[in-house]
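K.L.:
Just need the structure, nothing else, for what follows:
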Amino acid sequence: MVEQSLRKREVGGSSPSTGTITRLFGSFGAPTLAGKLLLVGLSFAAYVVLSLPYLENRLWPRLPGVWPGWFAGAAFGALVMGPYLARLERPLLRIAGACVAGALIYRLAIEFAADGPVGVGTPASFACAGAGAAALVALATALLTPARFRWRVLPIALLAGALGGLTFPWLSFTEQAYEGHLAWQLLVCLALHFGLRKIM
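P.N.:
Below is the predicted model:
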């Protein structure tokens with residue numbers, strides 16, 4: 001038995017710990033819910049790093065506060081929307097499209113909340129921005145897949161996005177609104193999971 005086990009490892013057999021991690025988180029193309037939440041954590045970590053004052057002052061001094069939003073949106077597109085596209089034909093092209101969509105949606109949501117017609121920085125503006133951005137994320141993810149679109153994802157995404165948007169004025173205590181960004185990303189991730197789970 002010991003000899004067989006050693007031979008299995010020599011030819012690339014996986015260890016018990018690797019199998020446990022795979023069962024818990026899945027793969028990028030077929031993540032479990034825990035795996036999707038882990039990817040949200042990585043997306044949020046990217047936003048935190050990109051919004052550090054050092055990077056704002058050194059890498060984009062002429063556009064402070066703008067470029068982090070673009071890159072954070074692209075990271076969100078790759079890590080949160082990407083798993084729904086990774087097992088399809090031309091996955092890299094689809095994920096690149098998700099990065100572009102994520103960057104545009106993230107930036108539009110920030111602009112709407114800051115200068116939109118609902119009011120500058122009001123709870124209503126954040127709720128509308130969050131709901132609209134979440135709905136656009138759901139639409140973009142669904143359109144980038146060849147599967148039949150499921151309309152149920154829209155009301156789920158709208159509700160999740162609105163709740164996530166409200167955390168910005170109500171639960172964010174840092175200048176960069178880290179709490180709001182994390183809450184919105186988590187809620188949108190859950191909306192995609194329950195609204196688009198049949199296409200994975």
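K.L.:
who does the longest helix anywhere in the chain touch, helix- and strand-wise?
P.N.:
Secondary structure of the chain per DSSP state H: the longest helix is helix 91-115. Packing contacts for helix 91-115, counted by 3 or more C-beta pairs under 8 Å, 6 or more residues apart in numbering; DSSP states H and E, involve helix 67-76, helix 123-143. From N, CA and C alone the C-beta is placed, and that goes for glycine too.
K.L.:
Now W184: closest residue in space, sequence neighbours ignored.
P.N.:
Leaving aside its sequence neighbours, W184 sits nearest to G164 (C-beta to C-beta, 6 or more residues apart in numbering; 3.2 Å).
K.L.:
so what's the one you found scoring on pLDDT?
P.N.:
Reported pLDDT at G164 in the predicted model: 96.
K.L.:
so who does it touch?
P.N.:
G164 is in contact with 130, 134, 180, 183-188, counting by C-beta atoms under 8 Å, 6 or more residues apart in numbering.
K.L.:
of all these, which two lie farthest apart?
P.N.:
Using C-beta to C-beta, those reach their maximum pairwise distance at A134 and G180, which is 13.2 Å.
K.L.:
Name the residue in the two with the higher neighbour count.
P.N.:
A count of neighbours by other C-beta atoms under 10 Å puts A134 above the other of A134 and G180, at 30 against 23.
K.L.:
Report the contact partners of the residue lying closest to the more buried one once chain neighbours are set aside.
P.N.:
Spatial nearest neighbour of A134, chain neighbours left out: G161 (2.5 Å); criterion: C-beta to C-beta, 6+ apart. Contacts were defined as C-beta under 8 Å, 6+ apart; by that measure G161 touches 130-135, 137, 184, 187-188, 191.
K.L.:
could I get those as JSON lines with pLDDT and distance to C99?
P.N.:
Shown next, in JSON lines, are these (pLDDT from 0 to 100; distance: C-beta to C-beta, whole Å):
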{"residue": "G130", "pLDDT": "96", "distance to C99": "20"}
{"residue": "A131", "pLDDT": "97", "distance to C99": "22"}
{"residue": "G132", "pLDDT": "96", "distance to C99": "19"}
{"residue": "A133", "pLDDT": "97", "distance to C99": "15"}
{"residue": "A134", "pLDDT": "97", "distance to C99": "17"}
{"residue": "A135", "pLDDT": "96", "distance to C99": "19"}
{"residue": "V137", "pLDDT": "96", "distance to C99": "12"}
{"residue": "W184", "pLDDT": "97", "distance to C99": "18"}
{"residue": "L187", "pLDDT": "97", "distance to C99": "21"}
{"residue": "V188", "pLDDT": "97", "distance to C99": "16"}
{"residue": "A191", "pLDDT": "95", "distance to C99": "19"}
